[in-house]
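Student: Have a look; sequence and predicted model below, questions after that.
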Amino acid sequence: MIYNFFIPELNNHDVQELWFQQDGATCHTARATIDLLKDTFGDRVISRFGPVNWPPRSCDLTPLDYFLWGYVKSLVYADKPQTLDHLEDNIRRAIADIRPQMLKKVIRNWTSRLDYIRASRGSPMPEFIFKM
């Protein structure tokens, strides 16, 4: 997938300022994969064994995990897409429909999560903080 889709797709974009982030799952951190990502993104790779290490328990602190994936998935599968084209259209539409006001709310939630982690010296976050 990286060779056949991801890297060719990146050739259509300016990646000079782009950061790449992935979780620390073992299947995502093979040496060949990390080396390829470093060749493509330089020091702008956030991953286990990458130049910038994936932070522990980051699903609590990463807007992609605590907001975006669930939000997009709920919209993408609402009409039960039956073809790959339909699925791709739904993904594009869901992402395009995210408005600045929603992102501001996500960032406010993110900063409150960071404040809680700092004040509690890293203790687990209560369930209420996960609500958007």
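Tutor: Good, I have the coordinates.

Student: just for the chain, where's the confidence low?
Tutor: For the chain, applying pLDDT under 70 flags the ranges 24, 55-61, 122-132.

Student: try 80
Tutor: Scanning the chain for pLDDT under 80 picks out 2, 13-17, 23-28, 53-66, 113, 116-118, 120-132.

Student: Buried residues, whichever helix in it runs longest. List them.
Tutor: Looking across the chain with DSSP state H, the single longest helix is helix 100-119. Of the residues in helix 100-119, 106, 109, 113, 116-117 count as buried by neighbour count, 16 or more other CB atoms under 10 Å. Heads up, the C-betas are built off the backbone N, CA and C, glycines and all.

Student: Which elements pack onto it?
Tutor: Helices and strands touching helix 100-119, by 3 or more CB pairs under 8 Å, 6 or more residues apart in numbering; DSSP states H and E, are helix 63.

Student: What is the subsequent helix or strand relative to the helix it packs on?
Tutor: Scanning forward in sequence from helix 63 by DSSP states H and E, the next helix or strand is helix 69-76.

Student: Who are the packing partners of that following helix?
Tutor: If you count contacts as 3+ CB pairs under 8 Å, 6+ apart, helix 69-76 packs onto helix 84-96.

Student: Which neighbouring elements make contact with the helix it packs on?
Tutor: Against helix 84-96 (3+ CB pairs under 8 Å, 6+ apart) you get helix 69-76.
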